[in-house]
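Student: would you be able to build a 3D model of this:
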Amino acid sequence: MIKVRVLHGPNLNLLGCRELDIYGPLTLDQIDERVKSHADALGVHVEISQFNSEGELVDAIHETRDWADAIVINPGAYTHYSIALRDAIAAVKVPTVEVHLSNIYAREEFRRESVIAPVCAGQISGFGMASYLLGLEAAKYLAEKSEE
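Tutor: Numbers count the residues shown, from 1 in each chain. Below you'll find the model as predicted:
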């Protein structure tokens, strides 16, 4: 069975009450339940975590090299400046999909650059909660492709 680690970055624990016009009304728990349901339908095992700390996200990425076939990550604000997350993803060599609820390219100028994207297989943004589901499908595709 394909194993995928889903990682949520800082402030995503506040979904459902934070900037509803940008992030929508779903809570993180509701998103996680939909991701788990979709993973079951795809025949994928998922482990999901949220961290506000950059160091904890780095540690979680490091741990994936021992068991995960792919990573789906929403780095939150770290998208735009965390060289530590970028380097962790590059180091573990686990296929990674970057996801965002909002379209980061239609927002403030400082949000339009991702330092994470260059070390990811791809990026999905702007589809709300569906960004995670599409990211999970992409992760499964990447894991299957690497087994060929």
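
Student: for the worst-scoring helix or strand of the chain on mean pLDDT, list the C-alpha coordinates in PDB.
Tutor: The weakest-scoring helix or strand in the chain, judged by mean pLDDT, DSSP states H and E, is helix 20-23 (a mean of 81). Coordinates of each C-alpha in helix 20-23 appear next as PDB, following Å, rounded to 0.1, in the frame of the first residue of the first chain:
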ATOM      1  CA  LEU A  20     -12.900  32.800   5.700                       C
ATOM      2  CA  ASP A  21     -13.000  34.800   2.500                       C
ATOM      3  CA  ILE A  22      -9.600  33.500   1.600                       C
ATOM      4  CA  TYR A  23      -9.400  30.000   3.200                       C
END
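
Student: how close does residue 45 sit to residue 17?
Tutor: 30 Å (C-beta to C-beta, to the nearest Å). (Each C-beta comes from the backbone N, C-alpha and C, glycine too.)

Student: neighbour count winner among these two?
Tutor: With neighbours defined as other C-beta atoms under 10 Å, residue 45 and residue 17 compare such that residue 45 has more, 16 against 9.

Student: packing partners for the helix or strand where the more buried one lies?
Tutor: Taking DSSP states H and E as the definition, one finds residue 45 inside strand 44-50. Packing contacts for strand 44-50, counted by 3 or more C-beta pairs under 8 Å, 6 or more residues apart in numbering; DSSP states H and E, involve strand 2-8, helix 28-42, helix 130-147.

Student: let's see 10 Å
Tutor: Strand 44-50 sits against strand 2-8, helix 28-42, helix 54-64, strand 70-74, helix 130-147, with contacts defined as 3 or more C-beta pairs under 10 Å, 6 or more residues apart in numbering; DSSP states H and E.

Student: residue 120 against residue 88, yeah?
Tutor: No: between residue 120 and residue 88 there is no contact under C-beta atoms under 10 Å: 11.9 Å.

Student: give me the common contacts of those two.
Tutor: By C-beta atoms under 10 Å, 6 or more residues apart in numbering, residue 120 and residue 88 have these common neighbours: 71, 96.

Student: spatially central residue in the chain, please.
Tutor: By C-alpha atoms, centre = their mean, the chain has its centre lying nearest to residue 73, at 1.7 Å.
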